[in-house]
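*Asks:* Sequence first, then the predicted structure:
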Amino acid sequence: MSQPHLRTVVVLAAGEGKRMKSALPKVLHPLLGRTLVGHVLTAAAPLAADRTVVVVGHGADQVRAHLTEIAPAATAVLQAEQLGTGHAVRIALDAVPDATGTVVVLNGDVPLLRAETVNALVEAHEGAGSAATVLAAEVPDPSGLGRIVRDADGRLERIVEQRDATEAQRAIREINAGIYAFDVARLRDALGKLSTDNDQGEEYLTDVFGLLVSAGEPVGVHVAADHAETLGCNDRVELAALRRLMRDRVNEAWMRTGVSLLDPATTWIDVTVALDRDAVVDQNTQLRGGTVIGTGALVGPDVTLVDTVVGAGATVIRSHAVGAEVGPNASVGPYAYLRPAARLAEQAKVGTFVEVKNSEIGVGSKVPHLTYVGDATIGEQSNIGAASVFVNYDGVRKHRTVIGSHARTGADNMFVAPVEVGDGAYTAAGSVIIENVPPGAMGVARARQRNIEGWVTKRRAGTAAAEAAERARRAAEGASNAGLTASEGEAIHGDTEAVGPASGAGDTATD
Ligand code: UD1
Ligand code: MG
């Protein structure tokens with residue numbers, strides 16, 4: 001058995017990425033759930049390197065802060081001036097003077113690179129005992145990239161940059177992906193011999209290959225099976241193209257595990273999202289961050305979920321959610337907005353034009369229409385009437401509302417927190433609830449209605465309304481003459497009014 005190799009990973013991320021035309025350093029641009037450099041570090045993670053060094057320069061503070069979040073074990077090394085990829089690796093190695101074995105160097109802007117490919121490169125390199133191995137790819141359009149120059153026997157001779165290449169060399173379509181494995185001792189030695197005698201006056205890491213070949217050291221080329229993996233990102237058009245490729249890759253992988261994507265071209269799933277078998281994602285849907293979709297759930301069309309957990313069998317339609325939890329068989333939307341810590345239990349319902357924030361909605365409880373639920377706890381099997389507002393903010397502080405189980409609150413209620421509505425309680429439509437409603441009570445908090453008879457006839461004489469009123473008066477007279485007494489009509493109306501707040505509220509809310 002061969003000796004276990006110690007490994008060091010070096011990621012080059014000091015460049016500005018001028019063509020991105022961005023205040024954000026290039027390697028921090030996001031691509032379906034990770035930054036560019038985040039993708040590269042993820043591809044290198046299975047190497048289980050002893051040390052990871054990231055060379056930072058442009059936007060160093062921002063890049064460092066990001067690394068602290070995603071790769072706290074990595075060492076950031078500052079390259080104050082970008083004097084070339086060779087210079088960058090040289091100072092990276094200065095930070096790990098005791099490194100032995102293999103050093104894997106990766107450009108920070110190659111987000112489609114797969115871990116399997118990096119592994120295969122390193123295994124080929126270590127297996128052959130090479131001094132250096134470069135990841136190469138045959139590409140349709142090699143412009144701007146370094147070319148792999150081979151001798152008559154097909155052995156690597158050197159890598160030449162486009163700008164330093166001859167006409168014949170420019171015709172080569174085998175390119176340097178910017179991913180390499182080196183024997184660290186021989187790399188150090190060669191880096192010390194780099195010149196800046198090239199079109200950019202920089203220390204080129206790629207020149208290490210020519211130097212090693214001249215010294216008779218064994219070097220290798222590992223050709224990537226899928227050239228898309230080696231695509232770098234230089235501007236936002238390329239970034240968009242990479243995003244589409246990544247989308248297709250992610251979508252295909254989920255479909256192969258048993259997830260239905262009804263329109264993969266408009267479905268954007270971050271690499272950090274998880275979906276269970278038989279989940280169905282309808283068109284124009286974005287699933288981001290730590291979102292998890294349970295088995296049999298239906299999400300979409302037109303849904304954006306960020307860090308949101310959707311339980312088995314739940315449905316989410318035309319809605320936006322951030323940091324929310326949707327319980328099993330719960331239903332959301334169309335047109336709902338779930339904000340952080342909105343938690344819907346099993347079979348809960350949040351309907352149309354409803355916003356929920358930092359609230360629990362208990363098992364089977366419903367908030368069907370036009371409502372804001374903020375900082376509330378709602379028990380089980382309760383129903384919140386349409387067009388209600390949980391008034392949580394006194395202008396300085398937030399307060400909680402507690403609604404019990406099996407409660408029926410009327411339409412158009414304001415719950416002025418802190419306030420509680422007990423189990424089995426009702427509230428009347430149009431109430432402003434500022435005091436607790438005990439269990440089983442009916443809370444009524446609204447002015448009583450008063451009708452001023454004949455007001456329109458007197459005050460708005462000659463209008464269409466007055467004429468309609470007059471016609472109605474005559475029709476009622478006719479009906480009365482035909483036998484129906486006015487008192488019967490009043491009795492029915494009065495009865496409705498007596499229980500109206502209860503049944504009226506309930507009806508509106510449950511519908
Ligand atoms: C480099 C390679 C080229 C290869 C291409 C693949 C060299 C000389 N050329 O060219 O053969 O085909 O990548 O994409 O290496 N960086 C630093 N410090 C520096 C210079 C660069 O950290 O001083 C970083 C950049 O941020 C980037 C990476 O190194 O992540 C590559 O640099 P870049 O300028 O993009 O090199 P290319 O011209 O693309
Ligand atoms: Mg580049």
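*Replies:* Here it is on my side, so go on. Numbers count the residues shown, from 1 in each chain. Ligands and ions are numbered 1, 2, ... in the order given.

*Asks:* what bits of the stretch 351-500 of the chain have low per-residue confidence?
*Replies:* Counting by pLDDT under 70, the stretch 351-500 of the chain has low-confidence residues at 484-500.

*Asks:* where do the strands sit along it?
*Replies:* 359-361, 366-374, 376-378, 389-391, 401-403, 414-416, 419-421, 426-427, 432-433, 442-443 (DSSP state E, counting those that start in this stretch).

*Asks:* Kindly report the same for the stretch 151-300 of the chain.
*Replies:* Taking DSSP E, counting those that start in this stretch as the test, the strands found in the stretch 151-300 of the chain are 156-160, 174-183, 219-223, 260-261, 267-269, 274-275, 280-281, 285-288, 292-293, 298-299.

*Asks:* list the helices and strands the second one packs on?
*Replies:* Right, strand 174-183. If contacts are counted by 3 or more CB pairs under 8 Å, 6 or more residues apart in numbering; DSSP states H and E, strand 174-183 sits against strand 102-107, helix 115-128, strand 132-138, strand 147-150. (C-beta placed from N, C-alpha, C; glycine too.)

*Asks:* does the shortest one come close to ligand 1?
*Replies:* Yep, that's strand 147-150 we're talking about. No. Remark: strand 147-150 sits outside contact range of ligand 1, by CB under 6 Å from any ligand atom, the gap being at least 7.8 Å.

*Asks:* nearest residue to Leu113 other than its sequence neighbours?
*Replies:* Nearest residue to Leu113 in three dimensions, chain neighbours excluded: Ala43, at 4.5 Å (CB to CB, 6 or more residues apart in numbering).

*Asks:* And Gly289, by the same measure?
*Replies:* Spatial nearest neighbour of Gly289, chain neighbours left out: Asp307 (4.2 Å); criterion: CB to CB, 6+ apart.

*Asks:* so how far is Pro340 from that neighbour?
*Replies:* Going from Asp307 to Pro340 by CB to CB, to the nearest Å gives 8 Å.

*Asks:* which of these two has more neighbours?
*Replies:* Asp307 (18 against 13; other CB atoms under 10 Å).

*Asks:* what's the more buried one in contact with, if anything?
*Replies:* 288-291, 322-323 (CB atoms under 8 Å, 6 or more residues apart in numbering).

*Asks:* Need the residue closest to the centroid of this protein.
*Replies:* Nearest to the geometric centre of the chain sits Arg288, at 2.1 Å (CA atoms, centre = their mean).

*Asks:* Tell me the residue of this structure that sits nearest ligand 1?
*Replies:* Gly146 (2.0 Å; CB to the nearest ligand atom).

*Asks:* Overlap of the contact sets of Asp307 and Pro340?
*Replies:* Residues touching both Asp307 and Pro340 by CB under 8 Å, 6+ apart: 322-323.

*Asks:* ok, now how distant is Val237 from Pro25?
*Replies:* Separation of Val237 from Pro25 (CB to CB): 18 Å.

*Asks:* Between the two, point out the one with more neighbours.
*Replies:* It is Pro25, of Val237 and Pro25, that has more neighbours when counted by other CB under 10 Å, with 26 against 10.

*Asks:* wait, isn't that one in contact with Ala65?
*Replies:* No. In this structure Pro25 lies outside contact range of Ala65 using CB atoms under 8 Å: 10.9 Å.

*Asks:* picking up where we left off before, near the nearest residue to the residue of the chain closest to ligand 1 once chain neighbours are set aside, how many other residues are there?
*Replies:* Closest residue to Gly146 apart from its sequence neighbours, by CB to CB, 6+ apart: Asn176 at 3.8 Å. Asn176 sits with 24 neighbouring residues when counted by other CB under 10 Å.

*Asks:* what sits against Asn176?
*Replies:* Contacts of Asn176 (CB under 8 Å, 6+ apart): 134-136, 145-148, 159, 206.

*Asks:* Just the buried ones out of those residues, please.
*Replies:* Using 16 or more other CB atoms under 10 Å as the burial test, the contacts of Asn176 include 134-136, 145-148, 159, 206 as buried.

*Asks:* Looking at those, point me to the pair that's furthest apart.
*Replies:* Leu135 and Arg147 (14.0 Å; CB to CB).

*Asks:* returning to what we had before: take the buried ones among the contacts of Asn176 and write them to TSV, including distance to Val118.
*Replies:* Below are these laid out as TSV (distance: CB to CB, whole Å):
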residue	distance to Val118
Val134	13
Leu135	8
Ala136	14
Leu145	19
Gly146	18
Arg147	22
Ile148	18
Ile159	19
Thr206	18
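
*Asks:* What's the local residue count around the closest residue to Tyr180 other than its chain neighbours?
*Replies:* Residue nearest to Tyr180 in three dimensions, not counting chain neighbours: Val105, with 4.7 Å by CB to CB, 6+ apart. By other CB under 10 Å, 26 other residues sit near Val105.

*Asks:* Check the separation of the first and last residues in stretch 40-49.
*Replies:* 14 Å (CA to CA, to the nearest Å).

*Asks:* Now do that stretch: everything it contacts.
*Replies:* Contact with stretch 40-49 is made by 7-9, 11, 27, 34, 52, 54, 70-71, 74, 104, 106-111, 113-115, 117-119, 122, 271, as judged by CB under 8 Å, 6+ apart.

*Asks:* And that stretch, what's buried?
*Replies:* 40-44, 47, 49.

*Asks:* Closest one of the residues you listed to Ile403?
*Replies:* Nearest to Ile403 out of the buried residues of stretch 40-49 is Thr42 (CB to CB; 44.3 Å).

*Asks:* Would you mind naming what in the chain lies close to ligand 1?
*Replies:* By CB under 6 Å from any ligand atom, the residues of the chain that approach ligand 1 are 12-15, 55, 57, 79, 82-85, 87-88, 107-109, 145-146, 159, 161, 175-178, 204-206, 232.

*Asks:* how about a cut-off of 5 Å?
*Replies:* Residues of the chain found near ligand 1 (CB under 5 Å from any ligand atom) are 12, 14-15, 55, 82, 84-85, 88, 107-109, 145-146, 176, 178, 204-206, 232.

*Asks:* In helices, which of those fall?
*Replies:* Counting by DSSP state H, the part of the residues of the chain next to ligand 1 found in helices is 85, 88.

*Asks:* still on that earlier bit, next, format the helices and strands packed on strand 174-183 as CSV and append mean pLDDT and distance to Lys398.
*Replies:* Shown next, in CSV, are the helices and strands packed on strand 174-183 (pLDDT from 0 to 100; distance: least, CB to CB, whole Å):
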stretch, mean pLDDT, distance to Lys398
strand 102-107, 98, 46
helix 115-128, 97, 45
strand 132-138, 98, 54
strand 147-150, 98, 62
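
*Asks:* Including distance to Glu470, could those go into TSV?
*Replies:* Formatted as TSV, the helices and strands packed on strand 174-183 follow (distance: least, CB to CB, whole Å):
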stretch	distance to Glu470
strand 102-107	85
helix 115-128	83
strand 132-138	87
strand 147-150	93
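
*Asks:* Out of those, which is closest to Val444?
*Replies:* Nearest of these (CB to CB): helix 115-128, 64.7 Å.

*Asks:* Pull the number of nearby residues for the closest residue to Val391 other than its chain neighbours.
*Replies:* Ranked by CB to CB, 6+ apart and with sequence neighbours excluded, the top spatial neighbour of Val391 is Val416, at 4.6 Å. Close neighbours of Val416, defined as other CB under 10 Å, add up to 18.
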